[in-house]
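A.B. asks: return a 3D structure for these sequence lines:
(chains A, B, C and D)
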Number of protein chains: 2
Amino acid sequence: MDWLTIGEVASRSGVATSALRFYETKELIESERTEGNQRRYPRATLRRVALIRAGQEIGISLAELGEALSTLPHDKTPSKSDWQKLSRSWRRRLDAQIEEMMALRDELTDCIGCGCLSLKSCAIFNPGDAASTLGTGPRYLMGDDSEDAIRH
Amino acid sequence: MDWLTIGEVASRSGVATSALRFYETKELIESERTEGNQRRYPRATLRRVALIRAGQEIGISLAELGEALSTLPHDKTPSKSDWQKLSRSWRRRLDAQIEEMMALRDELTDCIGCGCLSLKSCAIFNPGDAASTLGTGPRYLMGDDSEDAIRH
DNA sequence: CTACAACTTCAAGTCCACTTGAAGTCAAGG
DNA sequence: CCTTGACTTCAAGTGGACTTGAAGTTGTAG
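C.D. replies: Residues are numbered from 1 along each chain as shown, chains lettered A, B, ... in the order given. Sure thing, here's the model as predicted:
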């Protein structure tokens, strides 16, 4: 096995050395040290870093990534089943996120369609969680007086 | 026109009073004051706040929302064309984001499909920006020696 | 009139993901 | 051997979006 310096990992992964050191403090990656106390990373670290960036893209926090990656070996290629478990769960997450965004888009499209601002019927103005616990629906959020609305 | 206290806006919008005051310092919303220096918000503020939360969902920063909302009146319902301009641009943004996520998902799906970790062909391991400026493609990121790969 | 919840300001704190700077050490080419 | 660039640690800074706390004031129900 050959080893990479932090600079090599940085340039090959596109991640700053400061970020790599930071990841190391968070135990997302690991290194050996030379006699002179410099870091040397196993090649598999490149994949690990790539995985971290991909995970971040999906919206996974470093803390959570740390947990997910803690099951994978630092020094060699993860097994097929390791990888499949991870990628399936990420895929589910991504699916959920896409669905959420598409729902938001559809709502927005409806709003554009009607051009209204009364929004008694406009879902985008219903933030759900906060209002829904009070069980009052959209009009709760938007108020209910005619002054608010443009009729159409 | 009737006026809402900060607590009323908070409970009706699902946004903390501290957040509303914070928005006010950022000039996202505006209030009048009573004799005793308490805030009173016009009803239209509810819509404005809803717009802010919707925008944040789409991933728009408060700074940018401030700009977008600065074209809208604080004290009354925005015009149909104001709203359409805003919602169309948000819609475009949302479309782009959805597309990005779907691309990521497809890549991830391919990865699950093959179960491989060689990833010479795996787009998810190609972070684009960082590597692409160096014009070296995926193998740049992932290394090129057989040790890295699980063959299939 | 009094109690008490709701409000006020201002400074400081929090969380996340890093980056920056200072001061110093290591490694490799000439 | 010497220079130079890449590395080391540790503390502090950044930015976005708020939240929290302290100390004091206002508004309203009883």
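A.B. asks: could you pick out the longest helix of chain A?
C.D. replies: helix A:80-114 (DSSP state H).
A.B. asks: so what does that helix touch, helix or strand wise?
C.D. replies: Where contact means 3 or more CB pairs under 8 Å, 6 or more residues apart in numbering or on different chains; DSSP states H and E, helix A:80-114 is packed against helix A:44-57, helix B:44-57, helix B:80-114. Using the backbone N, CA and C atoms, a C-beta is placed for each residue, glycine as well.
A.B. asks: next, the residue positioned nearest the centre of chain A: secondary structure please.
C.D. replies: Nearest to the mean C-alpha position of chain A, counting by CA atoms, centre = their mean, stands residue A:59 at 0.6 Å. Of the three states, residue A:59 takes coil under DSSP: H, G, I helix; E, B strand; the rest coil.
A.B. asks: number of residues surrounding the residue of chain A found nearest DNA strand D?
C.D. replies: Relative to DNA strand D, the nearest point of chain A is residue A:7 (2.4 Å; CB to the nearest atom of the strand). Neighbours of residue A:7 under the rule other CB atoms under 10 Å in any protein chain shown: 12.
A.B. asks: and the helix or strand encompassing it, what does it pack against?
C.D. replies: Following DSSP states H and E, the helix or strand that holds residue A:7 is helix A:6-13. Judged by 3+ CB pairs under 8 Å, 6+ apart, the packing partners of helix A:6-13 are helix A:17-25, strand A:39-42, helix A:44-57, helix B:137-142.
A.B. asks: run the last query once more with 10 Å
C.D. replies: strand A:3-4, helix A:17-25, strand A:39-42, helix A:44-57, helix B:129-132, helix B:137-142 (3 or more CB pairs under 10 Å, 6 or more residues apart in numbering or on different chains; DSSP states H and E).
A.B. asks: closest to DNA strand C out of these?
C.D. replies: helix A:17-25 (3.4 Å).
A.B. asks: coming back round to it: only C-alpha atoms, please: export the helix holding residue A:7 in CSV.
C.D. replies: Taking Å, rounded to 0.1, in the frame of the first residue of the first chain, the C-alpha atoms of helix A:6-13 are listed here in CSV:
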residue,chain,number,x,y,z
ILE,A,6,-2.3,15.6,3.0
GLY,A,7,-1.5,17.8,0.1
GLU,A,8,-2.0,15.0,-2.3
VAL,A,9,-5.3,14.0,-0.8
ALA,A,10,-6.3,17.7,-1.0
SER,A,11,-5.5,18.2,-4.6
ARG,A,12,-6.9,14.8,-5.7
SER,A,13,-10.1,15.2,-3.8
